[in-house]
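[1] Sequence and predicted structure, then a few things I'm wondering about:
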Amino acid sequence: MKDEAYRVAARHGVRTHVVANAFIAVPRDPAIERVVVGAAMDAADDWIAERARKGAVVVTADVPLASRCVKAGADVISPTGRAFTDASIGMALATRNLMQDLREAGAVTGGPRPFSKADRSAFLSALDLAFVRLKRSGYGI
């Protein structure tokens, strides 16, 4: 899915940062920058959140990171195409915390459902729409 996301970003002329705490392969493209942060807990999240702002698009499944980025004004999309917004982030955090508590209590042992073709399609559509919306609003990403 990353390759498809890179293509959407390239079509819109968007500079892309891929942030991780270990080496990760990225295409050899001047518009794609690999950022390797330290191994400290949440180092990648901190790097991303510190740079989140209006006009940025952040892709993450990490709900606490999504919350930080939404508060900073960024457009935030999950890999399944779900948009995190001011209106939805509170419920997403509450659900995440409830599920974490249930897992710790042993009441829930499974993880999220498998990633589907519909998820892929929804994500790529949401990413494309986020870029179009930002361009129309004058951010000229």
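    Structure's in. What do you need?

[2] got the buried residues for the longest helix that the chain contains?
    Secondary structure of the chain per DSSP state H: the longest helix is helix 117-136. Under the neighbour-count criterion of 16 or more other Cβ atoms under 10 Å, helix 117-136 has 119-120, 122-124, 126-127, 130-131, 134 buried. (Each C-beta comes from the backbone N, C-alpha and C, glycine too.)

[3] Then stretch 40-56?
    Using 16+ other Cβ under 10 Å as the test for burial, stretch 40-56 gives 44-49, 52, 56.

[4] What is the nearest of the residues you listed to residue 12?
    Minimum distance to residue 12 across the buried residues of stretch 40-56 is 13.2 Å, recorded for residue 56 (Cβ to Cβ).

[5] distance of the closest one from residue 104?
    33 Å (Cβ to Cβ, to the nearest Å).

[6] repeat for residue 93
    Separation of residue 93 from residue 104 (Cβ to Cβ) stands at 16 Å.

[7] do residue 127 as well
    Distance from residue 127 to residue 104, by Cβ to Cβ: 33 Å.

[8] In space, what's closest to residue 31 - neighbours in sequence excluded?
    Using Cβ to Cβ, 6 or more residues apart in numbering and skipping residues adjacent in sequence, the residue nearest residue 31 is residue 15, 5.3 Å away.

[9] Just give me the neighbour total for that neighbour.
    10 (other Cβ atoms under 10 Å).

[10] For the residue nearest the centre of the chain, what are phi and psi?
    By Cα atoms, centre = their mean, the chain has its centre lying nearest to residue 59, at 1.5 Å. Residue 59 adopts backbone torsions of phi -110, psi 120, taken as degrees, to the nearest 10.

[11] Would you check that it makes contact with residue 82?
    No. With contact defined as Cβ atoms under 8 Å, residue 59 does not reach residue 82; the gap is 10.9 Å.

[12] and residue 119, what does it touch?
    79-81 (Cβ atoms under 8 Å, 6 or more residues apart in numbering).

[13] Residue 36 and residue 6, how far apart?
    Using Cβ to Cβ, one gets 18 Å for the distance from residue 36 to residue 6.
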